[in-house]
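Q: Dropping a prediction and its sequence here:
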Amino acid sequence: MGNDCGHLLDDLVKFDLHCHSHFSDGALSPEMLVARAKEREVDVLALTDHDTIAGLVLAQKAADEQGLKLITGIEFSSQWGKGGVHIVGLGFKLDSTELHAAIAAQNDARSGRAEQIAARLAKAGITGSLEGAQLIAGDAFVGRPHFAQYLINVGAVSNINAAFKKYLGAGKSADVKFQWPVMATIIEWIHAAGGVAVLAHPCKYDLTRTKMCALIKDFAAAGGDALEVVSGMQAHPVTEDLARIAAANNLAASCGSDFHLPGQPWQELGCFPKLPDSCRPVWELLGFAA
Ligand code: AMP
Ligand code: FE
Ligand code: FE
Ligand code: ZN
């Protein structure tokens, strides 16, 4: 059977362990997200919003109603050297006090950073961005994508990419030098809550292959459990290469779409290549049989 990304589906259980709702920078509500995942024949889904678990209760309710299995998830912002990296937590206990404290700290940090970004934008002649970004964020904690949307709304830029290129990206006028917690700290939070730590989308950090390998090695040394070997549509040689790097570092392998909004077929729910057979799937660590 085929789906709308033109990929052949087989009888295997389909896991999508990375996606976003409007509780972070995604467009859909958790309920709509679960329905869309179900339509695309996802069997097991993890909602991994940036630094928040606020959407998980609604997602669980929808998953129960629609007969889809939901795994708890979050995508933590972390720091590696001068750059930001993302660590996905999967399968943790929702009532963990350590995790709740960690999320609160992360969001305090996010709020402080938002104020600094707004101050810098004001210096660049763009006023009202904190209130504007907050309004756009709605239920979510303010992130750079909300500032990007505000910049579009006031006509300062014509699209999100331009907002990052002109204002929000590294070295630009509203770039705030900001330190997220290091990987070992975040991995500890996830483990304290009984979860599994996955280094998200290693190819999305703009690193050379050598640097990316160093990052993955550091992640493993910091106690990380798995590498996101598949993140959305990607070329076969990339998947094979990441599978080898995961194995070399004794990491299990995860896969997910990193879905944010409809209309982006390269990161659509359930639409990505299968993990190579050589991988140890992360769901084995989560108590699912292979
Ligand atoms: P934040 O967590 O607030 O730092 O925002 C990071 C998010 O911004 C990422 O997860 C992406 O969704 C988005 N982002 C980062 N860089 C770009 C870019 N150059 N163009 C569009 N979106 C971006
Ligand atoms: Fe995002
Ligand atoms: Fe990410
Ligand atoms: Zn993501």
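A: Received the coordinates, thanks. Ligands and ions are numbered 1, 2, ... in the order given.

Q: residue in the stretch 51-200 of the chain nearest to ligand 4?
A: Glu75 (4.9 Å; C-beta to the ion). In short, each C-beta sits where N, CA and C put it, glycine included.

Q: Give me the nearest residue to the residue of the stretch 101-250 of the chain found nearest ligand 3, chain neighbours excluded.
A: Across the stretch 101-250 of the chain, the shortest distance to ligand 3 (C-beta to the ion) belongs to Ala200, at 4.9 Å. Once flanking residues are discounted, Ala200 sits nearest to His86: 4.0 Å by C-beta to C-beta, 6 or more residues apart in numbering.

Q: how would you label the one you found: helix, strand or coil?
A: Following DSSP: H, G, I helix; E, B strand; the rest coil, the label given to His86 is strand.

Q: Correct me if wrong: it contacts Ala197.
A: No - counting by C-beta atoms under 8 Å, His86 stays clear of Ala197, with 11.0 Å between them.

Q: Name the residue in the two with the higher neighbour count.
A: A count of neighbours by other C-beta atoms under 10 Å puts Ala197 above the other of His86 and Ala197, at 26 against 23.

Q: what's the strand or helix carrying the more buried one packed up against?
A: In this assignment (DSSP states H and E), Ala197 forms part of strand 196-199. Applying 3 or more C-beta pairs under 8 Å, 6 or more residues apart in numbering; DSSP states H and E, one finds that strand 196-199 makes contact with strand 83-90, helix 183-192, helix 209-221, strand 226-231, helix 282-285.

Q: gap between the last one and the chain center?
A: Once both centres are worked out by C-alpha atoms, centre = their mean, to the nearest Å, helix 282-285 turns out to sit 18 Å from its chain's centre.

Q: What mean pLDDT does it get?
A: Mean per-residue pLDDT for helix 282-285: 97.

Q: Show me the contact partners of that helix.
A: 15, 17, 44, 90-91, 196, 198, 225-226, 252-254, 290 (C-beta atoms under 8 Å, 6 or more residues apart in numbering).

Q: Pull out the buried members of the residues you listed.
A: Among the contacts of helix 282-285, the ones that count as buried by 16 or more other C-beta atoms under 10 Å are Phe15, Leu17, Val44, Leu90, Gly91, Val196, Val198, Asp225, Ala226, Ala252, Ala253, Ser254.

Q: Now the two most distant members of these.
A: Greatest spacing in the buried ones among the contacts of helix 282-285, by C-beta to C-beta: Val44 and Asp225 (17.2 Å).

Q: which residues touch the residue of the stretch 1-150 of the chain found nearest ligand 1?
A: Using C-beta to the nearest ligand atom, Gly143 is the residue of the stretch 1-150 of the chain that sits closest to ligand 1, at 2.9 Å. Gly143 makes contacts with Ser24, Asp25, His50, Arg110, Ala137, as judged by C-beta under 8 Å, 6+ apart.

Q: so what pLDDT did Cys255 get?
A: At Cys255, the model reports a pLDDT of 98.

Q: Same check on Lys69?
A: Note on Lys69: pLDDT of 97.

Q: can you map out the strands along the stretch 51-200 of the chain?
A: Assigned by DSSP state E, counting those that start in this stretch, the stretch 51-200 of the chain shows strands spanning 69-71, 73-80, 83-90, 196-199.

Q: Buried residues in the first one, which are they?
A: This points to strand 69-71. When burial is assessed from 16+ other C-beta under 10 Å, strand 69-71 yields the following buried residues: Leu70, Ile71.

Q: mind listing the helices for this structure?
A: Per DSSP state H, the chain carries helices over the ranges 30-39, 56-66, 97-123, 129-137, 144-153, 160-163, 183-192, 209-221, 236-248, 282-285.

Q: any chance of these in TSV, with mean neighbour count too?
A: Listed next are the helices of the chain as TSV, based on neighbours: other C-beta atoms under 10 Å:
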stretch	mean neighbour count
helix 30-39	20
helix 56-66	17
helix 97-123	16
helix 129-137	19
helix 144-153	22
helix 160-163	16
helix 183-192	20
helix 209-221	16
helix 236-248	17
helix 282-285	22
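
Q: Which one of those lies nearest to Gly171?
A: Going by C-beta to C-beta, the one of these nearest Gly171 is helix 97-123, 12.3 Å.

Q: so Lys38 makes contact with Leu68?
A: Yes - contact criterion C-beta under 8 Å: Lys38 and Leu68 qualify, at 5.2 Å.

Q: Look up how far ligand 3 lies from the nearest residue to Leu286 once chain neighbours are set aside.
A: Excluding its sequence neighbours, the residue lying closest to Leu286 (C-beta to C-beta, 6+ apart) is Gly91, at 4.4 Å. According to C-beta to the ion, to the nearest Å, Gly91 stands 18 Å off from ligand 3.

Q: Since that was my last question, I'll sign off now.
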